[in-house]
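A.B. asks: Quick one: sequence plus predicted model below, questions after.
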Amino acid sequence: MEQTINNRILQSSDDEFIINVGPQHPSTHGVLHLQLRLDGEEIADLKPFLGYIHRGIEKMCESLTYKQFIYLTSRMDYLSAHINNQACCLAIEKSLQVEVPERAKVIRTLMAELTRLASHQLWWGSTGLDMGAVSPFFYAFREREMILEIFEETCGSRLTMNYCVPGGVMNDIHPDFVSKVKKLIQQFKANIHEYDELLTGNPIFQSRTRGVGYLPKEDAISLACSGPVARASGISCDVRKKEPYDAYDRVEFEEIIASEGDCFARYRVRMKEMLESMKIIEQLIDNIPAGDYRAKIKGIIKPPAGEYFQRVETARGELGVFIVSDGSNKPYRVKFRTPNFSNLAALKPMSLGAKIGDLVAIMASLDLIIPDIDR
Amino acid sequence: MMQQNGFEQILKSIFPEITLSKCAQFNAIELKPESIYAGLEKLHQQSDLKFDMLVCLTAVDRVTHIEVLYHLRSTFNGYDLIVKTALVEQPYELQSVVPLWRSAELFEMEIYDMFGISFSGHPDLRRLFMPDDWEGFPLRKSYKTTDVADNYLDSHKLLLNQQE
Amino acid sequence: MITWIGNKLTEIFGTTLAPYVGYVLIGFAIITLVVLMAVISIYLERKIAAFMQMRLGPMRVGKWGTLQAFADVFKLMLKESLTPAQADKQLFNIAPYLVLTVSFLAFAPIAFSPSLQLWDLNIGVLYVTSVSSVGVIGILMAGWASNNKYSLLGAMRSGAQIVSYELSAGIAILTIVMMSGSLSVSGIIQSQADGWWIFKGHIPAIIAFVIFAIASTAELNRAPFDLAEAEQELTAGFHTEYSGMQFAMFFLAEYTNMFIVSMLGTTLFLGGWMPLHIAGWESFNHLMDKIPPFLWFFGKVFISLFMIIWFRWTFPRLRIDQLLKLEWKYLLPIGMVNLVFGAIITWLGWIL
């Protein structure tokens, strides 16, 4: 027992001290527990401790049917809940070889981009908050609220929407959906300059993020980073481009890549991604094809025995769903390759030698969602 | 398809006796547990393949054996490859691949926690999600969820009572 | 009216006791005034912050939430003041009182209007700066005694910050002291009868005002310089372990200090209680004279207060090394050059 306890404590010399950040701490956005060894204000060592919100989702999936387990994934990365569901549905559809109706594909893509937009807006607000600027948070929530209202109308809930089902979507879109999304686009475009004025152009914000938390390209590859974190280090890794799923093959958008690899690069990548999401929504919103919103699927799903894998791009990076089926109505094994789990590993190399204030900036730029790490 | 043939040839040149199979939509090869590190090192260093990213590392309990899957990706040419290995005898042990890919550090910790496979040469192998005094490895098929949870709660109730 | 009260007191208590009773009454009056102003500024801060963030702010207690701050004070009074088990109990309990006492002390030489000044000290400005720098000892005590690493880090940051920014604030004040040729508060205000220093002091006065604004915000430990209590980094910094009334003391001290800094700034740069005069506009000047001096004074104080609040809700926080860099590499050299420049201007008699 003593051995295991020693395992959990960093060793420190006389002029250094150990400080625990979390599990309850304002800037960890959840129950992340980091142990820091500090030399004055500088971080000499860092060790993450996980499991505070481990719910065993992978184990639970083994005792649920295919239709049921999809909705557990909303609780992983709760800010891109729809995209998680979409990944599971795509994997199941692949196993059943179901052709999803065009209408469903477009609706799913629209919802996924709206989710990404909402997620990035929350990230933008909380980045400001972490840096000590409180006001941006409220400006971010102004547009986010509109998106959540659109979700509420169509799906019945705001955050964990559970809108995807194998074969399509749960129900058709609300009659007001198109007009509301158009209004959102209009308002977002009119307000985006406020985002830049409040935070991006602020000299204090720039000095806090430029050159801070540098992640070289080689490190980002070795640490298997994905999403905006990897793209800010110059890796092209957007799954929407590499392996287009649903309606991504028919829209034009740019994959945002920066080469600086610092916090400000990650910030800019996400800011530009919001505009790209906007572009995708604009292209699709006028061309939602008519037809069914769901393919006919049997009540009990029994995929043939084998392995199925689907990856999608969530707001934070690459989510891989790996399903092993033994031919029964319950999956034999489900593995979620979550983006935050790998991105967390980048925290240590980035923050060694940095100040405590930098650690907060780095964590904000990684945009970690702890339930997604612990699962 | 040309790509596929070329890829197969390069693999054959490294591992002459290997058969290329499929796992989900990816190419897969199977290696022996003893030679897993050497094989992966070749895949990591071979100049034509250069699998520089370990996207995922996971395991599946097949009851008779535990299958460990390494999902490799090359950022140079976009190849994906799954390397499988089967662990039959207890205690399950593998050589750590942290020297090749740093992302393996957390993945291996998770597998140790969930399947009880110990990785020799891992810098900090501890239970990642479960408490340190947790018994059993949750993602094994032999693990009975109800008993273990009850036992754990009982033992902690006892502890609490003693403290009072 | 003051002489009337004095006569009444002598009638009741006799000549020996009367001054002491008078002091006690003045003490009570000033503490009530300070607390009232702090409460008003808390309300103001919350409302201004809310309007900047497209919210309404407190709306429930009283009309437009005006009584919210009082409700908060009562809530804090009723809460238990906890002392952590491993804390240094004496220091832990003294610290908040020390911080608050110091900020009350600094009120003594402030002139609210021509006749309303507690103590017209001939080194009034020096007194305010020296007394207010004792406050950092209270913060260090609180951080050390809490036996919490976050508190200690916050206190260390606060110490480094206040010690360095005091230099710049001092040099900025010195510029004005040199121009007006007086260290007493009333003397400095009198020297601005023909124009406020910010208008007639040329560029050195404006630079000094900017430096004073930055340095005093830093001394207040308020955003963007709120590193000592940086919520996202150190949870609450030096007052992490405080609760109830002891926490309220720190809170009150912060807002009191805000007032002192605003008052000092008003006295030094904005002419204290002097009305706004524009040369040549006789009727305008006459109209301005009609407004009572204490309204002028508090009007200016609230404008500077608004500025401090504005800073807080717009800027992100600096990092500790950037904070020190700003002081030692920019503000202090600029301040020194500015002081020399100001001295030359004063020597040549270029003051308007």
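C.D. replies: Structure's in. What do you need?
A.B. asks: ok, which stretches of chain B are helices?
C.D. replies: B:2-14, B:36-45, B:104-115, B:145-163 (DSSP state H).
A.B. asks: now the ones you listed in JSON lines, with distance to chain C, mean pLDDT and mean neighbour count?
C.D. replies: Every residue, glycine included, has its C-beta placed from N, CA and C. As requested, the helices of chain B are exported to JSON lines (distance: least, CB to the nearest CB, whole Å; pLDDT from 0 to 100; neighbours: other CB atoms under 10 Å in any protein chain shown):
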{"stretch": "helix B:2-14", "distance to chain C": "48", "mean pLDDT": "71", "mean neighbour count": "12"}
{"stretch": "helix B:36-45", "distance to chain C": "38", "mean pLDDT": "83", "mean neighbour count": "17"}
{"stretch": "helix B:104-115", "distance to chain C": "25", "mean pLDDT": "89", "mean neighbour count": "22"}
{"stretch": "helix B:145-163", "distance to chain C": "17", "mean pLDDT": "69", "mean neighbour count": "11"}
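A.B. asks: among these, which is nearest B:Val63?
C.D. replies: helix B:104-115 (12.8 Å; CB to CB).
A.B. asks: ok now the closest one, how far from the chain's centre?
C.D. replies: 7 Å (CA atoms, centre = their mean, to the nearest Å).
A.B. asks: Show me the domain layout of chain B.
C.D. replies: B:2-129, B:132-164 (automatic domain parsing).
A.B. asks: now the ones you listed as TSV including distance to C:Ala160?
C.D. replies: Shown next, in TSV, are the domains of chain B (distance: least, CB to CB, whole Å):
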stretch	distance to C:Ala160
domain B:2-129	35
domain B:132-164	39
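A.B. asks: okay, those in CSV with distance to chain A next?
C.D. replies: Below are the domains of chain B laid out as CSV (distance: least, CB to the nearest CB, whole Å):
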stretch, distance to chain A
domain B:2-129, 4
domain B:132-164, 4
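A.B. asks: Quick check, the residue in the stretch 101-250 of chain C closest to chain A?
C.D. replies: Residue nearest to chain A within the stretch 101-250 of chain C (CB to the nearest CB): C:Gln232, separated by 4.1 Å.
A.B. asks: quick revisit: out of the helices of chain B, nearest to A:Glu145?
C.D. replies: helix B:104-115 (35.4 Å).
A.B. asks: per-residue confidence averaged over whichever strand or helix holds C:Ile206?
C.D. replies: Here C:Ile206 sits within helix C:202-219, counting by DSSP states H and E. Summarised as a single mean, pLDDT over helix C:202-219 is 86.
A.B. asks: quick one: which of the helices of chain B is nearest A:Glu143?
C.D. replies: That would be helix B:104-115 among the helices of chain B, by CB to CB, at 34.4 Å.
A.B. asks: tilt between the closest one and helix B:36-45?
C.D. replies: 150 degrees (axes from the mean of the first three to the mean of the last three CA atoms, to 10 degrees).
A.B. asks: From the contact counts, what lies against helix B:104-115?
C.D. replies: helix A:339-345, strand B:53-61, strand B:118-120 (3 or more CB pairs under 8 Å, 6 or more residues apart in numbering or on different chains; DSSP states H and E).
A.B. asks: what's the most buried one of those?
C.D. replies: helix A:339-345 (a mean of 26; mean count of other CB atoms under 10 Å in any protein chain shown).
A.B. asks: Need the contact partners of that one.
C.D. replies: A:48, A:77, A:223-227, A:229, A:314, A:316-319, A:366, A:368-370, A:372-373, A:375, B:102-103, B:105-106, B:110 (CB atoms under 8 Å, 6 or more residues apart in numbering or on different chains).
A.B. asks: repeat for stretch A:139-149
C.D. replies: A:114, A:117-118, A:121-122, A:124-125, A:128, A:158-159, A:180, A:183-184, A:187-188, A:191, A:194-195, A:198, C:53-54.
A.B. asks: Please identify the helix or strand for C:Ile31.
C.D. replies: Assigned by DSSP H and E, C:Ile31 falls in helix C:2-52.
A.B. asks: any idea which helix or strand comes after that helix?
C.D. replies: Assignment by DSSP H and E places the next element after helix C:2-52 at helix C:68-78.
A.B. asks: Using the three-state scheme, assign the nearest residue to C:Thr129 once chain neighbours are set aside.
C.D. replies: The shortest distance from C:Thr129 to any non-neighbouring residue, by CB to CB, 6 or more residues apart in numbering or on different chains, is to C:Gly170 (6.0 Å). With DSSP: H, G, I helix; E, B strand; the rest coil as the basis, C:Gly170 sits in helix.
A.B. asks: confidence score at C:Gly170?
C.D. replies: So C:Gly170 comes in at 88 (pLDDT).
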